[in-house]
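1. with the input below, show me the fold.
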Amino acid sequence: MTEISRTVSTALQSLRQREQTSRLAAKISDVSKEVTTGLKANPYDDLGHRSADAIAIRMQITRNDGFLTSNALLDRRFLAVETSLGAMRDVGQEVLEQAFTTDSAGALSTTFLSQSARTALDRVLERAAVSDSSGFLMSGTRTDTNPLQAWDEINPRTGESPAIAVDHMIGGPLTDVADVQRAIDDLKAGFGDSSVFFKYNFENSFYNGAPSGNPPLTSRTSETQTLTQTAQANDPAIRDLIRGLAMLSAVNPSDIPDEAARDVWLNEARSAIGAGLEGLTDLETQTGLKRAQLADTIAAQESRALFLDAEVMNLEGVDQYDAATRLTQLQNQLDSSFAITARLSRLSFLNYL
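-> Numbers count the residues shown, from 1 in each chain. You can find the predicted model right below:
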């Protein structure tokens, strides 16, 4: 009777065997993960006091990966702006070349010039509206706003479209040099935001983005570096280009009866477009230099990512050959455990009666 009381019951032994099987299954799961990833399944338990180092490295990896992702997006933005600036320059160059080959007294040739200038205006406004998922890229910090007002669309701030504003600044038919010079001065004042009339200033009637003097759109590219997107649609280069195109679009030079006045008007339009093209080249170059600077930053962060990955492997890595050997041993133990459990489940007190 005493011997019977000291004997472990079949049911209890079966329960213990099931618990052992469960523990083996959990170990197999962990070792399988190590074989697959090459990393410890429970690194912080295995590393002990060095787990703090592993956590710190993981945090650095997260920050570095975040910069890599945002910088790739920023590079695409800079490329889009650079491409748009180049397209504006090409559009202006086409009109400028036509303006230099046009006979100021030839009605047909100047008509074509005016039509080309009007088409170019729409293309410049279209290119200034370059955008991505973050918003418009040439509106400064007002990324939700198309930077330039459509040429024939009424601006609710002034009640006039840019085309109407230009007509008002020109002030009617131009007959002599005095008329032309007054119109040129008024256009310069309007596009320079120094007109005494509120609604004829560039940033009130033509431009909808963040005004001059506002901080530019700035992005952090690393822990210690930021880059600004300074190419905005209210830049002097774009103002000059639009002013020159607007002069040719609004007034057909052949409609100015005085030859000297025609020449003054054409020369000023050419000068404005030329100044705009020169400024656009500078903006395009600056944007390209910032892309190059950003490329250097990205290259450094990619190298850092490789270094941090190596540090993680030093701390959390496992010998995959050793892990595969342990996996085989555990699987053999599990097979034995299943066999024992099955035998126990079939035992009964009746087998010994």
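2. what helix or strand is Ala165 on?
-> Here Ala165 sits within helix 162-170, counting by DSSP states H and E.
3. so which bits of that helix are buried?
-> Neighbour counts over helix 162-170 (16 or more other C-beta atoms under 10 Å) mark Pro162, Ala163, Ile164, Ala165, Val166, His168, Met169, Ile170 as buried. Glycine gets a C-beta too; all of them are placed from N, C-alpha and C.
4. residue ranges in this structure under the pLDDT threshold?
-> For the chain, the stretches flagged by pLDDT under 70 are 1-50, 103-108, 315-353.
5. and the strands in it, which stretches?
-> Remark: strands assigned in the chain by DSSP state E are 131-132, 135-136, 217-220, 226-229.
6. let me know which of those strands is the nearest to Asn71.
-> strand 217-220 (8.3 Å; C-beta to C-beta).
7. quick one: strands adjacent to the closest one?
-> According to DSSP bridges, strand 217-220 forms sheet pairs with strand 226-229 (antiparallel).
8. give me the contacts around the strand it pairs with.
-> Here strand 226-229 makes contact (C-beta atoms under 8 Å, 6 or more residues apart in numbering) with 74, 77-78, 81, 137, 216-221, 290, 293-294.
9. apply 10 Å and report the result again.
-> Identification of contacts with strand 226-229 by C-beta atoms under 10 Å, 6 or more residues apart in numbering yields 71, 74, 77-78, 81, 137-138, 140-141, 143, 215-221, 286-287, 290-291, 293-294, 297.
10. so who does Gly209 touch?
-> 128, 136, 138-148, 203, 217, 232-234.
11. next one: Gln286
-> Glu82, Leu85, Thr228, Thr230, Ala231.
12. in this structure, which helix is the longest?
-> When the chain is parsed with DSSP state H, its longest helix is helix 259-316.
13. quick one: that one to helix 162-170, angle?
-> 140 degrees (axes from the mean of the first three to the mean of the last three C-alpha atoms, to 10 degrees).
14. and the contacts of Gly209, which are buried?
-> With neighbours counted by 16+ other C-beta under 10 Å, the contacts of Gly209 contain buried members at 128, 136, 138-143, 146-148, 203, 217, 232-234.
15. of the residues you listed, closest to Ile61?
-> Leu217 (28.0 Å).
16. tell me, how many neighbours does the residue lying closest to that closest one once chain neighbours are set aside end up with?
-> What sits nearest to Leu217 in space, not counting adjacent residues and going by C-beta to C-beta, 6 or more residues apart in numbering, is Gln229, at 4.2 Å. Neighbour count of Gln229, defined by other C-beta atoms under 10 Å: 20.
17. this structure: helices as residue ranges?
-> 2-6, 10-37, 43-47, 51-101, 107-128, 162-170, 177-191, 202-205, 236-250, 259-316, 320-346.
18. which one of those helices lies closest to Pro156?
-> So among the helices of the chain, helix 202-205 is nearest, using C-beta to C-beta, at 10.8 Å.
19. how far off centre is that closest one?
-> Taking C-alpha atoms, centre = their mean, to the nearest Å, one finds the center of helix 202-205 at 27 Å from the center of the full chain.
20. could you dump it to CSV, C-alpha only?
-> Taking C-alpha atoms only, helix 202-205 is exported to CSV below (Å, rounded to 0.1, in the frame of the first residue of the first chain):
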residue,chain,number,x,y,z
PHE,A,202,2.6,91.3,-57.3
GLU,A,203,2.0,89.6,-53.9
ASN,A,204,-1.5,90.8,-53.8
SER,A,205,-2.8,90.1,-57.3
